[in-house]
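# I'll drop the sequence and a predicted model, then ask my questions.
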Amino acid sequence: MSPEAAPRVVIVGAGPAGIRAAETLVAGGLKPVVIDEGERAGGQIYRRPPQGFTRPPETLYGSEAAKAVALHRTFDAMAAAGRLVHHSRSSAVAIADGRLQVLDGTGSRWISYDRLILATGAMDRVMPVPGWENAGVYGLGAMQIALKAQGAALGRRIVLAGSGPLLTLLAVQLLKAGGQVAAVLDTAPMRQQLRGFAGLSARPLFALRGLMMRRRLEGLYHAGVTLDRIEADERGPVAMLWRDEAGRNQRTACDAVGLGWHLRAETRLADLAGCDFAYDETWRQWLPQADATGRAGRGVYLAGDGLTILGADGAEVAGRLAAAACLQDLNLSGPDMAAASRRLARFGRFARGVATAFPWPAETAAGLPDETVVCRCEGVTAGELRRTVDFGGGEVNRVKSLGRVGMGRCQGRYCELAAAEIVAGSAGHACAAAAGRLRGQAPVRPAPIAALIQDVSAEG
Amino acid sequence: MTAAASEGAGRLVRLAEVDRAPLRFFLDGAERQALTGDTVLSAVLSVAPALRRSEFGSEARAGFCLMGACQDCWIWQEDGPRLRACSTPLAEGMRLLSDTPGEWP
């Protein structure tokens, strides 16, 4: 196929899904364009430190080292051979008329596409805890990134709180690296964790590994806790106040707090691309809709945690599937994906088990004290949110325009889910789904106006 | 600097990769040391507890997501645009400010 005649497929994201999608397209004879915010491909889970760092993959990625190395090598080999175009440290910020607006350090360019594969991944799903606006409170993922990419702990005495696999994993990784973890506080009661067991048994090895890690946290780990408040002075956290499963008040001194309740899909570009969304009861969040291979219509394909939160292994399979579907739609030959589809179904069962075992504590959000900051960007409190519901009704976009929750720099990424629970609770909705979904707005990352209008496109 | 001497100054604790070449930067006019390969966030938090003040509250801010999603870590420079500290590599001689420049309203 001559380069002029070849359709252009653009992939956003160079994590496990994006890398496997690129590999599948390259094998199908295409030269994809890969846009990624990272300096080096790998995504967050397999994020690589800058050049010149020396820890081996076994230290960085533990049991997943071989997978990480395979992905990095696959991508680097394609890039070195000129089989793909890699825009690193670049953010896709808008989509219009079959074109993507991409920002980098020099300005913005519009890149047209025939097909678009979105592999945008996920971020920490965070529940506000009174005091979480203070410096020194981070997402669990942030603490893992600091350790992996910079060899650093974000505090001298760290409390980790929330729920989900990353809570245990990060605690073990920090301890192993020589960090000090003061407590690991899981809001999921043990009986709830057992309820997820049927799903978790879809990947017995993974489940077993998690249990073994848990045993290494003996004495630090507490299940079924209630998080009351992060006590802070002008420097940052000084203690986490919490209640144990029996309801007794506890206080753990610390100088840093990591928070996270599993993951939230990054869906803003899928929204701008016109994908349909549906509320997922299991994950308690709105997710873009696609068929079993990731086809979302309008020439758009979705893969990885930005579509369904399956984790890294699921993302690799989903990336291949989406690219195979794309090749098929372009009348190009791709690999047979029947076995991959079955694997993905198994990962799906496991993920549902994880979501059941480590739930998002929706009732906690609905009951947050009025003075709790919900929007960390602009300091909007739960009480202010509730007042806008009395005034304008229980719909999140209305609440946003009246109360500015979701209007700040993160564009609702870290407050929207808790805000929806608060709004639903205040309005008397049976479920946060009834509060609706914040509409995505371009640019999906804040950018200086100068960068947005500085068109550095080589092409039209 | 010994670990004891740095206690109380920075928020970030280096657990590995400490043998990198030193890099010099300025925070509020004072010369500071960091390591080659540090992000702006790592460099500042290794010598200070925070990156900036919140515009909407009394508290300080020190980043939150470290993956470019939350925008909590924007920091001023003496000259030039604000930087997203978590995703910007530190460069030799960078001059950073923990507060808004005087002429900014």
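It's in.
# hang on, isn't residue A:187 packed against residue A:361?
Yes - contact criterion C-beta atoms under 8 Å: residue A:187 and residue A:361 qualify, at 5.1 Å. Every residue, glycine included, has its C-beta placed from N, CA and C.
# neighbour count: these two, which is higher?
residue A:187 (24 against 20; other C-beta atoms under 10 Å in any protein chain shown).
# circling back to that earlier point, got any residues that touch both of residue A:187 and residue A:361?
Between them, residue A:187 and residue A:361 share these contacting residues under C-beta atoms under 8 Å, 6 or more residues apart in numbering or on different chains: A:163, A:261.
# now for the strand or helix carrying residue A:237, which elements pack on it?
Here residue A:237, judged by DSSP states H and E, is contained in strand A:236-243. Applying 3 or more C-beta pairs under 8 Å, 6 or more residues apart in numbering or on different chains; DSSP states H and E, one finds that strand A:236-243 makes contact with strand A:158-163, strand A:181-186, strand A:226-233, strand A:249-253, strand A:256-261.
# want to try CSV for the ones you listed, with distance to residue A:368 and mean neighbour count as columns?
Shown next, in CSV, are these (distance: least, C-beta to C-beta, whole Å; neighbours: other C-beta atoms under 10 Å in any protein chain shown):
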stretch, distance to residue A:368, mean neighbour count
strand A:158-163, 15, 27
strand A:181-186, 17, 24
strand A:226-233, 11, 18
strand A:249-253, 18, 14
strand A:256-261, 14, 28
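# could you dump those to CSV with mean pLDDT and distance to residue A:41?
Listed next are these as CSV, based on pLDDT from 0 to 100; distance: least, C-beta to C-beta, whole Å:
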stretch, mean pLDDT, distance to residue A:41
strand A:158-163, 98, 28
strand A:181-186, 98, 31
strand A:226-233, 97, 36
strand A:249-253, 98, 38
strand A:256-261, 98, 24
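# a markdown table for these, including distance to residue A:124?
Formatted as a markdown table, these follow (distance: least, C-beta to C-beta, whole Å):
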| stretch | distance to residue A:124 |
| --- | --- |
| strand A:158-163 | 8 |
| strand A:181-186 | 15 |
| strand A:226-233 | 15 |
| strand A:249-253 | 21 |
| strand A:256-261 | 4 |
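# how about those in a markdown table, adding distance to chain B?
Shown next, in a markdown table, are the helices and strands packed on strand A:236-243 (distance: least, C-beta to the nearest C-beta, whole Å):
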| stretch | distance to chain B |
| --- | --- |
| strand A:158-163 | 10 |
| strand A:181-186 | 12 |
| strand A:226-233 | 7 |
| strand A:249-253 | 15 |
| strand A:256-261 | 7 |
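# so what strands line up beside the strand holding residue A:237?
In the sheet, strand A:236-243 lines up against strand A:226-233 (antiparallel), strand A:249-253 (antiparallel) (DSSP bridges).
# put the alpha carbons of the last one into PDB.
Taking C-alpha atoms only, strand A:249-253 is exported to PDB below (Å, rounded to 0.1, in the frame of the first residue of the first chain):
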ATOM      1  CA  ASN A 249     -12.100   6.100  67.500                       C
ATOM      2  CA  GLN A 250      -8.500   5.900  66.200                       C
ATOM      3  CA  ARG A 251      -5.800   8.400  65.400                       C
ATOM      4  CA  THR A 252      -2.800   7.700  63.300                       C
ATOM      5  CA  ALA A 253       0.000  10.300  63.200                       C
END
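# any idea of the angle it forms with strand A:181-186?
140 degrees (axes from the mean of the first three to the mean of the last three C-alpha atoms, to 10 degrees).
# pull out the buried positions in the longest helix along chain B.
Secondary structure assigned by DSSP state H gives helix B:40-45 as the longest helix of chain B. Of all the residues in helix B:40-45, those buried under the rule 16 or more other C-beta atoms under 10 Å in any protein chain shown are B:40, B:41, B:42, B:43, B:44, B:45.
# sketch out the low-pLDDT regions of chain A for me.
Applying pLDDT under 70 to chain A flags residues A:1-4, A:458-460.
# what is the helix ranked longest in chain A packed up against?
Counting by DSSP H, the longest helix found in chain A is helix A:338-357. For helix A:338-357, the contact count by 3+ C-beta pairs under 8 Å, 6+ apart identifies helix A:190-195, helix A:197-200, helix A:312-329 as packing neighbours.
# contacting chain A as well, which ones from the buried residues of helix B:40-45?
B:42, B:45 (C-beta under 8 Å from any C-beta of the partner chain).
# what is the nearest of the buried residues of helix B:40-45 to chain A?
residue B:42 (4.8 Å; C-beta to the nearest C-beta).
# pLDDT score assigned to the closest one?
pLDDT for residue B:42: 98.
# contacts only, for it.
Neighbouring residues of residue B:42 by C-beta under 8 Å, 6+ apart: A:146, A:150, A:152, B:12, B:34, B:90.
# if we ignore the residues flanking it in sequence, what's nearest the spatially most central residue of chain B?
Residue closest to the average C-alpha location in chain B (C-alpha atoms, centre = their mean): residue B:44, at 2.4 Å. The shortest distance from residue B:44 to any non-neighbouring residue, by C-beta to C-beta, 6 or more residues apart in numbering or on different chains, is to residue B:51 (5.5 Å).
# and the one you found, what is it in contact with?
A:135, B:41, B:44, B:45, B:60, B:61, B:62, B:63, B:73, B:75, B:85, B:98.
# what about those residues, which are in helices?
Short answer: the contacts of residue B:51 in helices (DSSP H) are B:41, B:44, B:45.
# my guess is the second one contacts residue B:85, does it?
Yes - here residue B:44 reaches residue B:85: they are 6.6 Å apart, a contact under C-beta under 8 Å.
# overlap in contacts, the two.
B:51, B:75.
# where's the closest residue in space to residue A:304 that isn't next to it in sequence, which helix or strand?
Spatial nearest neighbour of residue A:304, chain neighbours left out: residue A:17 (2.9 Å); criterion: C-beta to C-beta, 6+ apart. If you go by DSSP H and E, residue A:17 is part of helix A:16-27.
# send the alpha carbons of that helix over as CSV?
The C-alpha trace of helix A:16-27 is given here as CSV (Å, rounded to 0.1, in the frame of the first residue of the first chain):
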residue,chain,number,x,y,z
PRO,A,16,-0.7,-1.3,27.5
ALA,A,17,-3.8,-0.8,25.3
GLY,A,18,-2.3,1.8,23.0
ILE,A,19,0.9,-0.1,22.5
ARG,A,20,-0.8,-3.3,21.6
ALA,A,21,-3.2,-1.4,19.3
ALA,A,22,-0.2,0.1,17.6
GLU,A,23,1.5,-3.3,17.2
THR,A,24,-1.6,-4.8,15.7
LEU,A,25,-2.0,-1.9,13.2
VAL,A,26,1.7,-2.1,12.2
ALA,A,27,1.3,-5.9,11.6
